[in-house]
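Engineer: predicted model and sequence below, questions to follow.
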Amino acid sequence: MAIHNDTGKAGEKAAVQFLEQKGYEILEENWVFRKSEVDIVALQSNTIIFIEVKTRSSVAFGMPEEFVSEAKQRQLELAAQAYIEIMDHKGEIRFDIVAVLLTKDNQFKINHIEDAFWPYA
């Protein structure tokens, strides 16, 4: 596996631990619907949160959260619609980003952006 894939997986693991410590219930990790993937599906109160995790080892080209493109947001929306239908969820939903920066001393600096975007219709 490429180093960037290892970094991404480690970032997702750190994000799950971070969210659990904040009291989120993790429902799914790497949930796939057709060509769309949601890194984390979590539950808080009666709100299902679809979470995109972006991990970077440098900010030379921008902050991790800046790499959640409009196309990715649309894919997340499609996957979220499918998930809601499959699970027959009647409550609120939200789209978050967890930006993970791997520091030089191999620590994770995490920025959780709640309600980060609303995908395009």
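Structural biologist: Structure's in. What do you need?

Engineer: find the least confident helix or strand in the chain, judged by mean pLDDT.
Structural biologist: helix 3-21 (a mean of 86; mean pLDDT, DSSP states H and E).

Engineer: in it, what counts as buried?
Structural biologist: By neighbour count with 16 or more other CB atoms under 10 Å, helix 3-21 contains the buried residues 8, 11-12, 14-16, 18-19. Placement of C-beta: from N, CA and C, glycine included.

Engineer: helix/strand/coil for the most far-flung residue of the chain relative to its centre?
Structural biologist: No residue in the chain sits farther from the centre than Asp105, which is 23.7 Å out by CA atoms, centre = their mean. The local conformation at Asp105, judged by DSSP: H, G, I helix; E, B strand; the rest coil, is coil.

Engineer: let's have the chain start at 47 instead
Structural biologist: With 47 as the first residue, the last one maps to Asp151.

Engineer: pLDDT score assigned to it?
Structural biologist: With respect to pLDDT, Asp151 scores 83.

Engineer: now do Glu75
Structural biologist: For Glu75, the model assigns a pLDDT of 97.

Engineer: for Val62, which non-adjacent residue is closest in space?
Structural biologist: Nearest residue to Val62, sequence neighbours excluded (CB to CB, 6 or more residues apart in numbering): Ile72, at 5.7 Å.
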